[in-house]
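Engineer: Just to be clear, the model below is a prediction. Sequence and coordinates:
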Amino acid sequence: MTNIEQTATALTTAVVEGAAIIAEEYSSEMGPLMLRFIFQLGVIIISARLGGFLLKKILKLPGVLGELVTGMLIGPYALGSLSIPGWGSLFPLPMTAVPVSPELYAIATLASIVLLFLSGLETDLATFLRYSVVGSAVGIGGVIVSFVLGDLCAIFFHVADSFMSPAALFMGTISTATSVGITARILSEKRKMDSPEGVTILAGAVLDDVIGIIVLAIVVGMSKVAQASGVVNWHHILVIALKALTFWVVCTALGLLLARRVTQLLKLFKSAELIASLAFGLALLLAGLSEKAGLAMIIGAYIMGLSLSRTDLVQLIQHELQGLYNALIPVFFCVMGMLVDFRAMSGVVVFGFIYSIVAILSKLVGCGVPAWLMKFSFRGAMRVGIGMVPRGEVALIVAGIGLSTGTIQPDVFGVAIMMTMITTVIAPPLLVKSFEGGSSLRAGAEKNQESLKTISLDFPSTDLAEFMMVRIANAFRSEEFYVYRVTHDINTFQVRKDDMTFSITHEGSSISMTTHEKHEHVLRLVVLEELLALEDLFQSLKSLKENALGVQLLNGLFDKDRGQ
Amino acid sequence: MNLKKVLSPETISLSLSGSTKEEVIEEMVGLLMKSGRIKDLKDRDAAIKAVMDREHKMSTGMQNGIAIPHGKTDVVASLVAALGVKKEGIDFGALDGKPSIIFVMTISPDNRTGPHIQFLAEVSRHLNDVRIRERILQAASPDEVIEALSG
């Protein structure tokens, strides 16, 4: 052994001994691993957020696209592979089916659970039931046409050899799930949320989500069996489909049945953040259970959200989980972008384009035709179809599951990402354009607004209306309702308790309130009492006779000589 | 909100004797006192005052012979309610000018939150149904009234 070697050995021993305490907690590999992970996460959060911000500000495109593209740029197939002197590359390629480290993929998985939990929570079953006939037709039509065409597309491009082979089923499933978030934002900006096509899209998207998740459950189950045994026969398929359906139906039914009990139990804790954490914990548990049952985790998360969606905890949980959502979701989209292997993409660009076009057409036809048959004009049916075009997180999650289980290859994963991006880019301008011009309903079709009631109150001044908004909100709070400002529209309050929902909007000097006919009594009486309480307030104002307080305040200003 | 928890047979009168707004309200607060929901005469007076103050602002006589007198005062710790029937009806200053026949009264604490107005609203919604009103008017005992309202 040379001197240098001896010194090196001695030094190493010293360092190892010095780190003995730390080493007790971290194995020798854990430290550098965590160090890299934390750096990765930092780089991802900052660059994804900035990328999203830039795309939104400069190109006026949805922020998630920026996050996806950022992921592609900084990922292991691009900048991330570059070697940093003395350290190696920030995003090295691991030797697994998923080209990012397990830690990073775990964060993305956690994010997908948060996403689907919140998406289940937002599922407006009431709206769905109210517009169920047209909504169901639109949802089912969209799912069937897009699934079949997506599946066939995979066969046509020789990704799979038969309709029932796992890869083809995955491509069908990826093409199925509409991400209604982007559409909803545009509808609310254009104030078309309550229009017949707006509610039809939202109702259709609910069913689309539900069926999409069931399809995913069946497909994941089947591909797992196919992976294990090589072939899937009809007997197997039936068993898996039955199992997936049973899990879905039992969990959802139990969830909806127990929701009120669970809610009441959670409310015992009084603290909003504790309630939200516990609810999220339950979502994670159910996610784990559904994976254990041979389905995907997001299914359990979605069911948990759906179960709580009819309780009055929705806004509270959304509010409390907002921070978690903001931090995790960019990581999710960014990591999904990172998974795109450009090297594998060169051969499948045409496939990607065709698959995207098929994905767009399948929703236009699958959703548009039922809408047109039922009550919409051609224009209205187009709006409904376009509104259902964007695909998003669910498509990405399904593609991610396909990639990580080896069911779909990296090039096909790239195709799925391409489709998600193209549909997301193309839908908003088309939707905005389609809303120019006339009525959406066919002549003779009556508006389906029967059970919603709107009450308008005109006040003598804007100031008084604003003041009353605050008073009304407080009145509902003291009746133990949950009152929230709708974030994108600061003049609107949402008031909820159990299955009651009131939305209260103030514009200029008038306040208008909307609710279901069934709960109109509560709304009217609570607001009436508040109006009457206003009288007391004016009486007590009068007793502040002769500006006594004003004089007192003014006196304080001038009663002493200040300065020298 | 569970109606049976708030309304019980001893706070229901099927034949009120009063013939003015004041008398009916005093009589119904009397029911609450007799059943122990209001403790003493001082609290009784405070409750009557709270309900009458609210009536002075605007009558709670609604359409269809229903009136829902109510008030807020801290002499009660939680929502209490009474129901009274006066088949001949009395002038309660109702919206439609017709005599009021069925009275639902609530007293709720001033400084505690709870579904107080909501309770009144839900009872009024039930009373909007002519079949339920008929059943209450036909009722032979307080239990039948509770039955009609919770059915």
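Structural biologist: Ah, there it is. Here the structure is a predicted model, which is why all the values come from computation and not from measurement. Residues are numbered from 1 along each chain as shown, chains lettered A, B, ... in the order given.
Engineer: For residue A:162, the count of nearby residues, please.
Structural biologist: Around residue A:162 sit 10 other residues, with neighbours defined as other CB atoms under 10 Å in any protein chain shown. C-beta coordinates here come from the backbone N, C-alpha and C atoms, glycine included.
Engineer: Does it belong to a helix, a strand or coil?
Structural biologist: coil (DSSP: H, G, I helix; E, B strand; the rest coil).
Engineer: Could you do residue A:501 as well?
Structural biologist: Assignment for residue A:501 (three-state DSSP): strand.
Engineer: Residue A:278 now?
Structural biologist: Here residue A:278 is helix, with the state taken from three-state DSSP.
Engineer: Okay, buried residues for the longest strand along chain B please.
Structural biologist: For chain B, the strand with the greatest residue count under DSSP state E is strand B:80-90. By neighbour count on 16 or more other CB atoms under 10 Å in any protein chain shown, the buried set for strand B:80-90 is B:80-86, B:90.
Engineer: Also stretch A:472-482?
Structural biologist: Buried residues in stretch A:472-482 (16+ other CB under 10 Å): A:472-473, A:475-476, A:478-479, A:481-482.
Engineer: Pass me the low-pLDDT residue ranges in the stretch 401-550 of chain A, would you?
Structural biologist: Filtered on pLDDT under 70, the stretch 401-550 of chain A yields the residue ranges A:438-451, A:485-490, A:545-547.
Engineer: what does it have sitting close to chain B?
Structural biologist: Proximity of the stretch 401-550 of chain A to chain B (CB under 8 Å from any CB of the partner chain) is limited to residues A:475, A:477-480, A:497, A:518, A:521-522, A:524-526, A:528-529, A:532, A:535.
Engineer: Let me know the closest of those residues to residue A:372.
Structural biologist: residue A:518 (31.9 Å; CB to CB).
Engineer: Would you list the phi and psi of the closest one?
Structural biologist: Per-residue torsions, residue A:518: phi -60, psi -30 (degrees, to the nearest 10).
Engineer: tell me, how many neighbours does it end up with?
Structural biologist: Neighbours of residue A:518 under the rule other CB under 10 Å: 12.
Engineer: And residue A:526, by the same measure?
Structural biologist: 23.
Engineer: For the closest residue to it other than its chain neighbours, give its distance to residue B:56.
Structural biologist: Leaving aside its sequence neighbours, residue A:526 sits nearest to residue B:117 (CB to CB, 6 or more residues apart in numbering or on different chains; 4.9 Å). Distance, residue B:117 to residue B:56, by CB to CB, to the nearest Å: 18 Å.
Engineer: Neighbour count for those two, which is higher?
Structural biologist: The neighbour comparison of residue B:117 against residue B:56 (other CB under 10 Å) goes to residue B:117, with 26 against 9.
Engineer: For the one helix or strand the more buried one maps to, what does the pLDDT average out to?
Structural biologist: In this assignment (DSSP states H and E), residue B:117 forms part of helix B:116-127. For helix B:116-127, mean pLDDT is 90.
Engineer: Counting by contacts, list what that helix packs against.
Structural biologist: Of the remaining helices and strands, those touching helix B:116-127 by 3 or more CB pairs under 8 Å, 6 or more residues apart in numbering or on different chains; DSSP states H and E are helix A:520-542, helix B:3-6, strand B:70-72, strand B:100-108, helix B:130-138.
Engineer: what's the most buried one of these?
Structural biologist: Across these, the average number of neighbours (mean count of other CB atoms under 10 Å in any protein chain shown) peaks for strand B:100-108, which reaches a mean of 25.
Engineer: among the residues of the stretch 401-550 of chain A next to chain B, which two are most distant?
Structural biologist: A:518 and A:535 (29.7 Å).
Engineer: just for the chain, where's the confidence low?
Structural biologist: No chain was given, so I picked chain A. Chain A contains residues with pLDDT under 70 at A:1-29, A:124-132, A:188-189, A:191, A:193-194, A:227-234, A:438-451, A:485-490, A:545-547, A:558-564.
Engineer: let's do chain B instead
Structural biologist: In chain B (pLDDT under 70), the answer is B:1-2, B:151.
Engineer: Get me the contact residues on it for chain A.
Structural biologist: With CB under 8 Å from any CB as the criterion, chain B meets chain A at residues B:54, B:57-58, B:113-118, B:120-122, B:124-125, B:128.
Engineer: Would you mark the buried spots in stretch A:74-84?
Structural biologist: In stretch A:74-84, counting by 16+ other CB under 10 Å, buried: A:74-78, A:80.
Engineer: again, but for stretch A:317-334
Structural biologist: Residues A:317-318, A:320-321, A:324-325, A:328-334 are the ones in stretch A:317-334 that count as buried (16+ other CB under 10 Å).
Engineer: Before I go, just wanted to say thanks for your time.
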